[in-house]
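K.L.:
the sequence and its predicted three-dimensional model are supplied below.
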Amino acid sequence: MLDMKLETLITVASQKSFTKAAQILCLTQPAVSHHIKELENELGHKLIHRVNGTLLLTREGDIALNYAKRLKALYGKMKEEMDDEDKNPTKLRIGITHTAESNAIPLSLAKYSSEAGNMSITIITNTLKKLYAKLENYELDLAIADGKPDNPNLSSFMLDTDYLVCVMSNNNPLAKKSMIRLSDLKKEKMILRLPSSASRVYFESMLANIGENLNNFNVIMQVDNIATIKDLIRKDFGVSILAKSTCQDEIQKGKITVLPIENMSMVRETNIIYNKDFTHIDILNEIAKVYHEVVGK
């Protein structure tokens, strides 16, 4: 069982209140304060301070919280693996990016879960950086995302390849072309993903490779939700740069137009990413098989 002082730290950090943490933990408020004080004494650092009446973690508190979450996740993983000894896992926590949320991956995971019989899957959507952190902390079993991790503790299994395209309304004059030039793109109003998104980062890196940057383009909006971007594009408010896999349904139904950009080959891998001590490699093959059935490959 996780040390109660660490459990208290996790709860206080999430609630930003000793009173709310006490209610959740079924403790008195003085007991919660005592747990935090004991932990601070053990570690020799101040973990929590007040700023304008709000409880905030210090830098040392952030470090302690990160390890507390990792210990809690490891304890849970240990218990699950012991319960699953000599049989296949029955629960999977899989992280996906917002790009993956909009393509065939959720459907593939649902189909895999259904066909596996007793497999329960929890899907968590977040930025790539946060998914990697959750993998390292064992808060996730797998992550499905574009590219490969730099972390030597993580491995990857290629699921598919995808590429970025320019997405526009069928009414846009450029939709009649077979390819879009950067000079044309610079004249368009652009609706892009947030700077933290993997596809946005990749697009900007491709621009940098040819001596360009976004300052030369007319970016009128930045939106986190891909469905919202596609809706705005269909209504002809602008064009965007998205992964083609996120637009397959609209392409098949003739709702939008996608075009490659001249002199920019924006191909990237979609990988299943996992900790090197993940032992159920057969599950990766099974997920890949179902995924290829869904997308018709």
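P.N.:
Arrived safely.
K.L.:
and the strands in this protein?
P.N.:
Along the chain, the segments classed as strands by DSSP state E run 48-51, 54-57, 91-96, 120-125, 142-146, 154-169, 189-192, 218-222, 240-243, 256-259, 267-275.
K.L.:
how about those strands in CSV, adding mean pLDDT and distance to residue 209?
P.N.:
All C-beta spots, glycine's among them, are computed from the backbone N, C-alpha and C. Supplementary listing: the strands of the chain in CSV, determined by pLDDT from 0 to 100; distance: least, Cβ to Cβ, whole Å:
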stretch, mean pLDDT, distance to residue 209
strand 48-51, 84, 43
strand 54-57, 86, 39
strand 91-96, 92, 27
strand 120-125, 93, 29
strand 142-146, 91, 17
strand 154-169, 93, 13
strand 189-192, 97, 18
strand 218-222, 96, 19
strand 240-243, 94, 15
strand 256-259, 95, 20
strand 267-275, 91, 13
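K.L.:
let me know which of these is tucked in deepest.
P.N.:
Counting by mean count of other Cβ atoms under 10 Å, strand 240-243 has the highest mean neighbour count of the strands of the chain, with a mean of 26.
K.L.:
which helices and strands does that strand pack with?
P.N.:
Helices and strands in packing contact with strand 240-243 are listed as strand 154-169, strand 189-192, helix 198-209, helix 226-234; criterion 3 or more Cβ pairs under 8 Å, 6 or more residues apart in numbering; DSSP states H and E.
K.L.:
strand partners (parallel or antiparallel) of the longest one?
P.N.:
Paired with strand 154-169 in the same sheet, following DSSP bridges, are strand 240-243 (antiparallel), strand 256-259 (antiparallel), strand 267-275 (antiparallel).
K.L.:
of those strands, which is nearest residue 214?
P.N.:
For the strands paired with strand 154-169, the distance to residue 214 is smallest for strand 240-243, at 10.3 Å, taking Cβ to Cβ.
K.L.:
what's the angle between the helix ranked longest in the chain and strand 91-96?
P.N.:
What stands out as the longest helix in the chain, according to DSSP state H, is helix 59-83. Counting by axes from the mean of the first three to the mean of the last three Cα atoms, to 10 degrees, helix 59-83 lies at 140 degrees to strand 91-96.
K.L.:
buried residues in helix 59-83?
P.N.:
Judged by neighbour count using 16 or more other Cβ atoms under 10 Å, the buried positions of helix 59-83 are 61, 64, 65, 68, 69, 70, 71, 72, 73, 77.
K.L.:
looking at those, spot the one nearest residue 141.
P.N.:
Using Cβ to Cβ, residue 77 is the member of the buried residues of helix 59-83 that sits closest to residue 141, with 8.2 Å.
K.L.:
please name the nearest non-neighbouring residue to that closest one.
P.N.:
Nearest-residue entry for residue 77: residue 138, 5.2 Å, with adjacent residues in sequence omitted and distances by Cβ to Cβ, 6 or more residues apart in numbering.
K.L.:
ok, back up a step: how about CSV for the strands of the chain, with distance to residue 179 added?
P.N.:
Conversion of the strands of the chain to CSV gives the following (distance: least, Cβ to Cβ, whole Å):
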stretch, distance to residue 179
strand 48-51, 53
strand 54-57, 50
strand 91-96, 30
strand 120-125, 32
strand 142-146, 23
strand 154-169, 9
strand 189-192, 17
strand 218-222, 20
strand 240-243, 14
strand 256-259, 6
strand 267-275, 15
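K.L.:
out of these, the one nearest residue 38 is which?
P.N.:
Within those, the stretch nearest residue 38 is strand 48-51; the backing value is 12.7 Å (Cβ to Cβ).
K.L.:
now what about that closest one, what contacts it?
P.N.:
Applying Cβ atoms under 8 Å, 6 or more residues apart in numbering, the external contacts of strand 48-51 come out as 12, 36, 40, 55, 56, 57, 58, 61.
K.L.:
ok, residue 137 - contacts?
P.N.:
Contacts were defined as Cβ under 8 Å, 6+ apart; by that measure residue 137 touches 66, 69, 70, 73.
K.L.:
per-residue confidence at the last one?
P.N.:
Note for residue 73: predicted pLDDT of 81.
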